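In: need coordinates for the below:
(one chain, ligands or ions: 2)
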Amino acid sequence: MAGESRTMAKSELGGTTATGFVWHELYAWHDTGTGSSFMPAGGLVEPEMHGESPATKRRLRNLLEVTGLLDELVALRPRPATEEELLRLHTRDYVDAIKAMSAAGGGDGGDFAPFGPGGYEIAALSAGGVLTAVDAVMGGTVGQAYALVRPPGHHAERDLGRGFCLFGNAALAALHARAAHGLERVAIIDWDVHHGNGTEHAFYDDPGVLTISLHQDNVFPVDSGAIEDVGEGAGRGFNINIPLPPGSAIGAYLAAFERVVLPALRAYRPELVLVACGFDASMLDPLGSMMLTSEGFATLTRLTMDAAQEHCAGRLVLCHEGGYSSAYVPFCGAAVVETLIGASERIEDPFLEAYREAGYQELQAHQEAVVAAAERLVAAIHPPTPTSR
Ligand code: 3YP
Ligand code: ZN
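Out: Ligands and ions are numbered 1, 2, ... in the order given. Model (predicted):
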């Protein structure tokens, strides 16, 4: 297992092959309290850990340690995002409100975004972890990076915490790539099972960031993530939603990648690719109804890496979003990390044998219809020129 020699395709291309990994113990100390799934405890809801708990993240990190994969990663020590960096996206009032609640012992960022004491500092460290990963990739210390951050970010609006998210980690990473590294074209692919509404809104009128979200149609937030929402003003055409039906598996995701995501990247020519990497589209997730396996996540990662190689010297940063199966997130995450380091299928996923044979994993007609509709959006994409920005 650990230390085994292997070939790394990227080394032949002359790029940096090291993979960065961001983790901090404080990410596990973010306190979402008690609840059940996403419901707060109380009334008939018997208290247990809140659905967004440290377990999934910790167990992923533990699996990387036990299998030796962690030793093959470059540990990137996260720094907190500064207030100035948070204000690139969020409003002063919102940042101040989170900070005040955090100092007073915790609160709720708005819509299902609970946090405990020190929640501000931890959320700033979560966002900062993704900035750290961007800096490492842009500086060439590593070729690509996985940021195992918590709390997640893709639902956070400028002035509202939502869906377990306080600060918009991926959006802040794109803004940082622009402000600190001068990038003009960043692509964000969001394969969390929920719609990346916060990321979409951050760049809705901005062609400098191409946002693509693959999600389960109309689950959270409700009435968000429609295929018709393509951006506005100068950003028109630079937001793509692929709202897949519940029950979608690798067949649907592969079709969406081959016919929408990859052609869109080819047309846009990003200088950096970011992935809002949730694992709640897995077979076992309590908050999603999709059917991806660890193998499926590895495939999406491989395709994204190849695209990043084609367009931007492999520069790729994945930031952790949702994923609530404490049993399965570790195997899905390990499959992604394995793929990033160029050593696939070393960690045996004990669930995979059972899931490989499950039905309905090929592209279904009603899924195909969504992919076909999204495919039509690709024609509008082109690299934005200075005049179109
Ligand atoms: C937030 C409240 C109900 C569903 C839940 C979704 C959180 C998530 O994983 N977002 O990506
Ligand atoms: Zn999610």
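
In: quick check: residue 161 vs ligand 1, distance?
Out: 11 Å (C-beta to the nearest ligand atom, to the nearest Å). Placement of C-beta: from N, CA and C, glycine included.

In: any idea how far the residue of the chain found nearest ligand 2 is from residue 217?
Out: Taking C-beta to the ion, ligand 2 has its nearest neighbour within the chain at residue 322, 2.8 Å off. For residue 322, the distance to residue 217 equals 16 Å [C-beta to C-beta, to the nearest Å].

In: same question, residue 204
Out: Taking C-beta to C-beta, one finds residue 204 at 20 Å from residue 217.

In: returning to that earlier point: so which of residue 322 and residue 217 has more stuff around it?
Out: Using other C-beta atoms under 10 Å, the more surrounded residue of residue 322 and residue 217 is residue 322, with 27 against 16.

In: report the closest residue of this protein relative to ligand 1.
Out: residue 322 (2.7 Å; C-beta to the nearest ligand atom).

In: and that residue, what does it touch?
Out: 52, 152, 164, 192, 193, 194, 278, 279, 280, 287, 288 (C-beta atoms under 8 Å, 6 or more residues apart in numbering).

In: was I right to think the first one contacts residue 32?
Out: Okay, so that is residue 52. Yes: counting by C-beta atoms under 8 Å, residue 52 sits close enough to residue 32 to count as a contact (5.1 Å).

In: any residues in contact with both of the two?
Out: 151, 164.

In: the two - which one has more neighbours?
Out: residue 52 (27 against 23).

In: next up, the contacts around that one.
Out: Residue 52 neighbours (C-beta under 8 Å, 6+ apart): 32, 38, 151, 152, 164, 322, 324.

In: one more: residue 219?
Out: Taking C-beta under 8 Å, 6+ apart as the criterion, residue 219 is in contact with 193, 194, 195, 246, 288, 289.

In: now do the phi/psi pair for the closest residue to the first one other than its chain neighbours.
Out: Here the nearest residue to residue 193 in space, its sequence neighbours aside, is residue 288; by C-beta to C-beta, 6 or more residues apart in numbering that works out to 3.6 Å. Backbone geometry at residue 288, expressed as degrees, to the nearest 10, gives phi -140, psi 170.

In: shouldn't residue 288 be in contact with residue 282?
Out: Yes: counting by C-beta under 8 Å, residue 288 does reach residue 282; the two are 7.3 Å apart.

In: so residue 114 touches residue 30, yeah?
Out: No: the pair residue 114 / residue 30 is not scored as a contact, 9.6 Å apart, by C-beta under 8 Å.

In: who's more crowded, the two?
Out: Higher neighbour count among residue 114 and residue 30: residue 30, with 26 against 23, using other C-beta under 10 Å.

In: need the nearest residue in space to that one, chain neighbours excluded.
Out: residue 122 (4.6 Å).

In: tell me the predicted confidence for the one you found.
Out: Looking at residue 122, its pLDDT is 99.

In: how much space separates it from residue 291?
Out: On the measure of C-beta to C-beta, residue 122 and residue 291 end up 32 Å apart.

In: and if you look at residue 79?
Out: In terms of C-beta to C-beta, residue 79 sits 38 Å off from residue 291.

In: more neighbours: these two, which one.
Out: Comparing residue 79 with residue 291 by other C-beta under 10 Å, the one with more neighbours is residue 291, at 24 against 14.

In: quick one, helices of the stretch 51-200 of the chain?
Out: 54-67, 83-86, 92-103, 119-139, 169-181, 197-202 (DSSP state H, counting those that start in this stretch).

In: average pLDDT for the fifth one?
Out: Rounded to a whole number, the mean pLDDT of helix 169-181 is 99.

In: just the strands from the stretch 151-300 of the chain, written as ranges.
Out: Under the criterion DSSP state E, counting those that start in this stretch, the stretch 151-300 of the chain contains strands at 161-162, 186-190, 209-216, 239-244, 272-277.

In: any chance of these in JSON lines, with distance to residue 354 too?
Out: Conversion of the strands of the stretch 151-300 of the chain to JSON lines gives the following (distance: least, C-beta to C-beta, whole Å):
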{"stretch": "strand 161-162", "distance to residue 354": "34"}
{"stretch": "strand 186-190", "distance to residue 354": "28"}
{"stretch": "strand 209-216", "distance to residue 354": "22"}
{"stretch": "strand 239-244", "distance to residue 354": "23"}
{"stretch": "strand 272-277", "distance to residue 354": "24"}
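
In: show the pLDDT at the residue nearest to residue 240 when sequence neighbours are not counted.
Out: For residue 240, ignoring the flanking residues on the chain, the nearest one in space by C-beta to C-beta, 6+ apart is residue 212 at 4.5 Å. Predicted confidence (pLDDT) for residue 212: 99.

In: residues near residue 212, how many?
Out: 29.

In: and it, how far is that from residue 191?
Out: Distance from residue 212 to residue 191, by C-beta to C-beta: 9 Å.

In: if we can go back for a sec, Serialize the helices of the stretch 51-200 of the chain to JSON lines and add fields for distance to residue 385 and mean neighbour count.
Out: As requested, those are exported to JSON lines (distance: least, C-beta to C-beta, whole Å; neighbours: other C-beta atoms under 10 Å):
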{"stretch": "helix 54-67", "distance to residue 385": "41", "mean neighbour count": "19"}
{"stretch": "helix 83-86", "distance to residue 385": "28", "mean neighbour count": "17"}
{"stretch": "helix 92-103", "distance to residue 385": "33", "mean neighbour count": "17"}
{"stretch": "helix 119-139", "distance to residue 385": "23", "mean neighbour count": "25"}
{"stretch": "helix 169-181", "distance to residue 385": "16", "mean neighbour count": "25"}
{"stretch": "helix 197-202", "distance to residue 385": "21", "mean neighbour count": "26"}
